[in-house]
Each structure stands twice: as C-alpha cells, then as structure tokens.
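**Student:** show me the folded form of this:
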Amino acid sequence: MAKARGNPAGKGRGNGRVENGGEGFWDRPMLINLLADVLLLAGGVLLAWAGALALQRLPVFPLKQLVVATPLDQVSRAQIEQTARNVLTGNFFTVNLETAQAAFERMPWVRSASLRRSWPDGIELEIEEHVAAARWTPKEGESQLVSARGEVFAATLSDKGLPAFAGPEGSAGRVLARYREFDDSLAAIGRKPVAVHLSAREAWQIKLDDGVLLELGRDQPKHPLLDRLNRFTTHYAAVSSSARNRLQTIGVVDMRYPNGFALRASKS
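**Tutor:** Presented below is the predicted three-dimensional model:
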C-alpha cells in the first residue's frame, strides 16, 4: 500500500508563531519611563520660567525706594536716579542686583558699589567714591585723574589745586608714592611739588610751586633720589640768595651730579 507523504515545505506552519527580529519602543518600559522623566523635567523648567515672568509682571512687592547709605561728594543725586531707573527693574524679589551693581560702578567717580534688599520694598545702595590726589597725563591719551589709592580714573574736576603727574602707562601708583616722598622732603624749605614727571627712561623731574624745575634723573642704588633732593634742600637758601644777588631767577636745578648740582637761569 502506498503511503501518503506530507509536504516538507509546510512543516512548522501549524504552531502559529511568527519570528520577530527585536522588541519595539512600546515594549521597553525603561525607555518609556526615561522619556516621561525628560518630558516632566522640561515641562517643570518651562513652568518655572513662565511663573518667573508672570511674577515679575505682577504688581506685588514693587520697589518703592532706593536708600543711599553713604555720604557722597562727587556723585550727584540726578546721576543715581537716572541709573536706578534704567537698572532697578522688576520687583523686590526679581531685581537683578549684580547687573545694577555693575551699572552703578560705571558712573564717574564711583570706585565700587554694593546693593542689598531692604524689606519690604527698598534697595540699599553703598558707594565708595574715588578721592582725587592728582591730575594724570599719560604719555599718549587724554588727561585723567589719579586717586589717593594710586588708581587712574576718568572724571572731570574743576579744582586747579591738584598736582600734575605724567608718566608711562601703569606708573601712576609709583608716581604718587614718589610725590609723597618729595612733598615731605621739600616741606623743610617751605616748597611744594606741583608737578612730577617720570620719563620712559625712568628719569624723574619735579616742578616746584615757585617755578623751579628739578632734574633728579634716574634712581640709583649709590645715588638715591631722596639723597639728591636732600642735597638741594640743604643748599636751597644759599642758592636762592645767590640768584637774587645776581638779579636772576633760577629756572632749572640739575641734581644728576654725584656730589653737586648745576643751575640754569629761567629764560624769562
């Protein structure tokens, strides 16, 4: 009897299974949870940002006063009010104090500024002003001022009584320190320095309040500047008397010699 044979190609069809090369996104709970966390975080950030904007626009906790806690000599009330209108925006909680501080420190005469909130509706402002010690004219550039700390700053001042400094860029602090030493030494003869100049070659000049120009030259270990200046103050009375006897006015005193000095009459 002949046996019926099944088709080999149909083997395995009866189990109803289909082979899948991998799982889909919706079959991976970890990825779904990660996506949900990212969406929640982004939504929270956007919500906080929108809330901050809405809070800034709400008429709650408005800023009503700016209190200047330090006495001021050079900065005017009008300057402070104008700067405050531009930078003190928002309310008590949202005002940006760092931005406001930078704006106040850009004002003329302001060396530093600090601000703090004063509950419930104010800002307290403290300002440290520059104290002008001299006028400064760098080798190249516009005339500025030197503070008592030796810092150069830009501001206008009508007072003509300040001494005049000149020197290379970055030397204002050194010139101020030397000026104070010169001023102390010249006080012994009742004279004051009205101008101090430092050349690019480190040579020093002093102009006195009687018009005499002192050429001190460069500072040297064996011949310090103050030793030369003390030599001048020691002989100042005799030199002045000699010039008067000759009906001349001293124009320049050259102190660059090791043990003496030279005099030149003024051109007038």
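
**Student:** which element, helix or strand, includes residue 173?
**Tutor:** helix 172-186 (DSSP states H and E).

**Student:** tell me the spacing between the residue nearest the centre of the chain and residue 168.
**Tutor:** Among the residues of the chain, residue 111 comes closest to the average C-alpha position under CA atoms, centre = their mean, at 7.4 Å. As defined by CB to CB, to the nearest Å, residue 111 lies at a distance of 23 Å from residue 168. Where you see a C-beta, it was placed from the backbone N, CA and C, and this is true even at glycine.

**Student:** next: residue 263.
**Tutor:** According to CB to CB, residue 263 and residue 168 sit 29 Å apart.

**Student:** pLDDT averaged over the helix holding residue 173, what's the number?
**Tutor:** The average pLDDT within helix 172-186 is 97.

**Student:** same thing with stretch 48-66?
**Tutor:** On average, stretch 48-66 scores 74.

**Student:** pLDDT weak spots in the protein?
**Tutor:** 1-23, 25, 51-59, 139-141, 240-248, 266-268 (pLDDT under 70).

**Student:** what's around residue 73, how many residues?
**Tutor:** Residues near residue 73, counting by other CB atoms under 10 Å, number 8.

**Student:** that one in helix, strand or coil?
**Tutor:** Here residue 73 is recorded as coil under DSSP: H, G, I helix; E, B strand; the rest coil.

**Student:** please list all residues in contact with it.
**Tutor:** Contacts for residue 73 (CB atoms under 8 Å, 6 or more residues apart in numbering) come out as residue 129.

**Student:** for residue 233, see how far away it is.
**Tutor:** Distance of residue 73 to residue 233, computed by CB to CB: 34 Å.

**Student:** same deal with residue 47?
**Tutor:** 77 Å.

**Student:** so for the two, which residue has more residues nearby?
**Tutor:** residue 233 (14 against 10).

**Student:** the more buried one is in what secondary structure piece?
**Tutor:** Residue 233 belongs to helix 225-245 when assigned by DSSP H and E.

**Student:** the helix or strand just after that helix relative to helix 225-245, how many degrees between them?
**Tutor:** Next helix or strand after helix 225-245 toward the C-terminus (DSSP H and E): strand 250-254. Comparing the axes of strand 250-254 and helix 225-245 via axes from the mean of the first three to the mean of the last three CA atoms, to 10 degrees yields an angle of 150 degrees.
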